[in-house]
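Asker: Kindly generate the corresponding structure for this input.
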Amino acid sequence: MATLVFNGERIEVQVGESIFDGADRAQGGTTEIATSCERDGSCKECIVQVTRGSDALTEYTDHEVFLEGQSHDGDQVFRLACQARFAQPDAVVKVETFKRKLEIAVNGRPVSDLLEPWIISSNGHVHCDGKQIADHVGPLYGLALDVGTTTVVMHVVDLESGELIAVQAFENPQKYAGSNVMHRISYDYAHPGQLHRTIISHINEAIRNLPIDKQTIFGITVAGNPTVRDLFFGLDVQTIGKGPYVSQTQIDVEAGRRETTALWATAESLGLQTHPQARVYGLPLVSNHVGADTAAVLGTIINGHENGPFMVVDIGTNTEVAIGQGNRLICASCPAGPAFEGGQLSCGMPASQGAITTMRRHNGQWKLSWIGSGSARGLCGSGLVDILAELRASGEMDELGRFQNHTAQVMIQEEPALSFTRSDASELAQAKAANAVGQWILLRTFGISIAQVETFYLAGAFANKINLANARQIGLIPPIADDRVIRIGNASIEGAKAALLSRTCRDRIESLVRTVCHVELEQEPDFFELYVEMGHFKPMPTRQPQ
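Answerer: Numbering: from 1, shown residues only. Below you'll find the model as predicted:
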């Protein structure tokens, strides 16, 4: 016998059984593993992540070639649950699916546009922007999708009333191809079309679990960065991975071959299991790596009535920053990486069961709060911000991330053993530098000081939880008072939903992306000097940018 630890549940398995066989006996069964074939490997959907004991499994089969060599984090490898079989007795193999119960921000600040959907029903016909697309009598539903590098959020709405019907959220299953967009672009070059099929199959699984007839879904909007958006639509993303780092849609707009970077398709052409004639709208890109997710965020806060100046920061694997006032709007993309989401850290983990969310020093001891009722197992983003600030405040770590007395680690707890290492601090310093340098250069480019920013919008799941004082102390965000900070949550899904429910919002987003000036951070003459300076764990300077 061997042991399968499936999403934290221990299951005894026989040598020769597959991961899928063992998962059948888990509480909740195999509903957590996507599949649409007879478990013969042909659909390539049942991808799981093996976090321990991968050497106790059989070798990769021919159906798994696209996963072989895709480990990006130590022992963590990816397998097809129907193909990977137990090969050794007494082994312990830990497996996680892409349906882990993460704390994902599924909502943001609502948009106030009037209900005027571009998908309507009239006299037994369904129309898109006035053009008949199908015959149908009955309810009319739409999907808004925020496809992020790390997570996917879906809102299901009634297109006639605007009512929110259902919400689903899960990890982006494309994770096996790497934690950042550059890895995924390289993977797509080697395995064209596989990442498109993966995301579509998991969206279809989510659709199958909705409390509505999927044939009544006639409108879909998609927000995401240029890479994940274009992969969703099955486009070639290689131009995004090399200079000047732009989507083919942007190249075509600049060459006059198309009018907008927005995308249109039918559900049938993408393989989505809704009504085949459902119209799928990919929100337009801003520029370069600043994508449709940023366009969606801006669509939630820009309605022609801002006084400004305002600043928007959406912290994530790829952080986006924008500053605007009146008719002027500039933006930049900061490749921060997954460190503040727990990636590439010895102590890091996503915001799931056991993740430490807050921590502080009290009489030399750590006081911890974590998700769930079990043991603390690692630190997610908000906990990482806290430990950096606490170590700086106590003097146990200097601004360069070096520990007192030249120690290699700081113990957090003895059982289960958890420590914060010098290497962890170094990874976070690089991520923090990428975030901070983008904010600083944009302030300088716009010609304003931090003190002149009237409203500072923080978007995204990470921003929802962080301690603002601690984030300021380590220089992750500027020294802006709490009363000028507005946390807007998952503004990308709210923008995608608003674009689905309001033609005015959709048109506004189309217009505003044409006005944005994109700033190439690395083209700044002092970029690398600023990057090094912003990597120090200290407050961001308040002096007027020059």
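Asker: Buried residues, stretch 192-207. List them.
Answerer: Neighbour counts over stretch 192-207 (16 or more other C-beta atoms under 10 Å) mark 194-207 as buried. Using the backbone N, CA and C atoms, a C-beta is placed for each residue, glycine as well.
Asker: Name the residues that touch it?
Answerer: Outside of stretch 192-207, the residues within contact range by C-beta atoms under 8 Å, 6 or more residues apart in numbering are 34, 36, 43-45, 47, 66, 98, 143, 145, 147, 152, 154, 168, 170, 172-174, 176-177, 184, 187-188, 214, 217, 228, 231-234, 236, 270-274.
Asker: how about residue 427, what does it touch?
Answerer: Contacts for residue 427 (C-beta under 8 Å, 6+ apart) come out as 337, 339, 344, 345.
Asker: quick one on the thing from earlier: and the buried residues of stretch 192-207, which is closest to residue 534?
Answerer: Out of these, the one with the shortest distance to residue 534 is residue 195. That distance is 32.2 Å, counting by C-beta to C-beta.
Asker: How about the secondary structure of the closest one?
Answerer: Classification of residue 195 by DSSP: H, G, I helix; E, B strand; the rest coil places it in helix.
Asker: shaky segments in this structure?
Answerer: Counting by pLDDT under 70, the chain has low-confidence residues at 28-32, 70-75, 98-102, 303-306, 543-546.
Asker: Which secondary structure element is home to residue 43?
Answerer: Per DSSP states H and E, residue 43 falls between elements, in no helix or strand.
Asker: same check, this time on residue 154
Answerer: Per DSSP H and E: residue 154 is located in strand 151-158.
Asker: What pairs with that strand, parallel or antiparallel?
Answerer: strand 141-147 (antiparallel), strand 164-171 (antiparallel) (DSSP bridges).
Asker: okay, those, which one's buried deepest?
Answerer: With neighbours defined by mean count of other C-beta atoms under 10 Å, none of the strands paired with strand 151-158 is more surrounded on average than strand 141-147, at a mean of 28.
Asker: returning to that earlier point: need the buried residues of stretch 192-207 in JSON lines with secondary structure, can you?
Answerer: JSON lines is the format used below for those (three-state DSSP):
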{"residue": "194", "secondary structure": "helix"}
{"residue": "195", "secondary structure": "helix"}
{"residue": "196", "secondary structure": "helix"}
{"residue": "197", "secondary structure": "helix"}
{"residue": "198", "secondary structure": "helix"}
{"residue": "199", "secondary structure": "helix"}
{"residue": "200", "secondary structure": "helix"}
{"residue": "201", "secondary structure": "helix"}
{"residue": "202", "secondary structure": "helix"}
{"residue": "203", "secondary structure": "helix"}
{"residue": "204", "secondary structure": "helix"}
{"residue": "205", "secondary structure": "helix"}
{"residue": "206", "secondary structure": "helix"}
{"residue": "207", "secondary structure": "helix"}
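Asker: before we move on, the earlier item: CA atoms only: put the strand holding residue 154 into PDB for me.
Answerer: Included here for strand 151-158 are C-alpha records, laid out as PDB according to Å, rounded to 0.1, in the frame of the first residue of the first chain:
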ATOM      1  CA  THR A 151      -6.600  32.900 -10.700                       C
ATOM      2  CA  VAL A 152      -9.800  32.900 -12.700                       C
ATOM      3  CA  VAL A 153     -13.000  34.500 -11.500                       C
ATOM      4  CA  MET A 154     -16.400  34.100 -13.200                       C
ATOM      5  CA  HIS A 155     -19.600  36.100 -12.600                       C
ATOM      6  CA  VAL A 156     -22.900  34.900 -14.100                       C
ATOM      7  CA  VAL A 157     -25.500  37.600 -14.600                       C
ATOM      8  CA  ASP A 158     -29.000  37.900 -15.900                       C
END
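Asker: Quick one: residues in contact with stretch 430-439.
Answerer: For stretch 430-439, with C-beta under 8 Å, 6+ apart as the criterion, the contacting residues are 311, 313, 315, 319, 321, 332-337, 339-340, 474-478, 521, 527, 530-532, 534-535, 537, 540.
Asker: what's the burial count for residue 76?
Answerer: Counted with other C-beta atoms under 10 Å, the burial measure for residue 76 works out to 17 neighbours.
Asker: Can you give me the distance of it to residue 129?
Answerer: As judged by C-beta to C-beta, to the nearest Å, residue 76 and residue 129 stand 45 Å apart.
Asker: Quick check: next helix or strand after the longest helix along the chain?
Answerer: As far as residue count goes, and with DSSP state H defining each element, the longest helix of the chain is helix 422-446. Reading on from helix 422-446 to the C-terminus, the next helix or strand found by DSSP H and E is strand 455-459.
Asker: Now do the helix or strand that comes right after that next one: distance to the chain's middle.
Answerer: Taking DSSP H and E as the definition, the helix or strand that follows strand 455-459 towards the C-terminus is helix 461-465. Relative to its parent chain, helix 461-465 has a centroid offset of 12 Å by C-alpha atoms, centre = their mean, to the nearest Å.
Asker: elements contacting helix 461-465?
Answerer: Helix 461-465 is packed against helix 381-394, strand 485-489, with contacts defined by 3 or more C-beta pairs under 8 Å, 6 or more residues apart in numbering; DSSP states H and E.
Asker: rewinding a little: what does the strand holding residue 154 contact?
Answerer: The set of residues that contact strand 151-158 without belonging to it, under C-beta under 8 Å, 6+ apart, is 102, 104-106, 139-146, 163-172, 199, 202-203, 206, 210, 212, 217, 461, 490, 493, 496-497, 500-501.
Asker: Okay, and the beta partners of the nearest residue to residue 500 once chain neighbours are set aside?
Answerer: Counting by C-beta to C-beta, 6 or more residues apart in numbering, residue 500 lies nearest to residue 221, which is 4.4 Å off, once chain neighbours are set aside. Each beta-bridge partner of residue 221 is listed here, defined by DSSP bridges: residue 144, residue 281.
Asker: what sits against residue 221?
Answerer: With C-beta under 8 Å, 6+ apart as the criterion, the residues that contact residue 221 are 142, 143, 144, 145, 280, 281, 282, 283, 496, 497, 499, 500.
Asker: which stretch of helix or strand covers residue 372?
Answerer: Assigned by DSSP H and E, residue 372 belongs to neither a helix nor a strand.
Asker: are any of the contacts of stretch 192-207 buried, and which?
Answerer: For those, a burial check counting by 16+ other C-beta under 10 Å picks out 34, 43-45, 47, 66, 98, 143, 145, 147, 152, 154, 168, 170, 172-174, 176-177, 184, 187-188, 214, 217, 228, 231-234, 270, 272-274.
Asker: Filter those residues down to just the ones in helices.
Answerer: Those of the buried ones among the contacts of stretch 192-207 mapping onto helices are 184, 187, 188, 228, 231, 232, 270, per DSSP H.
Asker: For burial, what's the neighbour tally of the closest residue in space to residue 179 that isn't next to it in sequence?
Answerer: Among residues not flanking residue 179 along the chain, residue 338 sits closest, at 4.3 Å (C-beta to C-beta, 6+ apart). Look at residue 338: counted by other C-beta under 10 Å, it has 25 neighbours.
Asker: so what's the residue of the chain positioned farthest from its centre up against?
Answerer: If you look at how far each residue of the chain sits from its centre, by C-alpha atoms, centre = their mean, the farthest one is residue 123, at 40.6 Å. With contacts taken as C-beta under 8 Å, 6+ apart, residue 123 has no neighbouring residues.
Asker: gap between residue 7 and residue 81?
Answerer: With the distance defined as C-beta to C-beta, residue 7 ends up 12 Å from residue 81.
Asker: No more questions from me, cheers.
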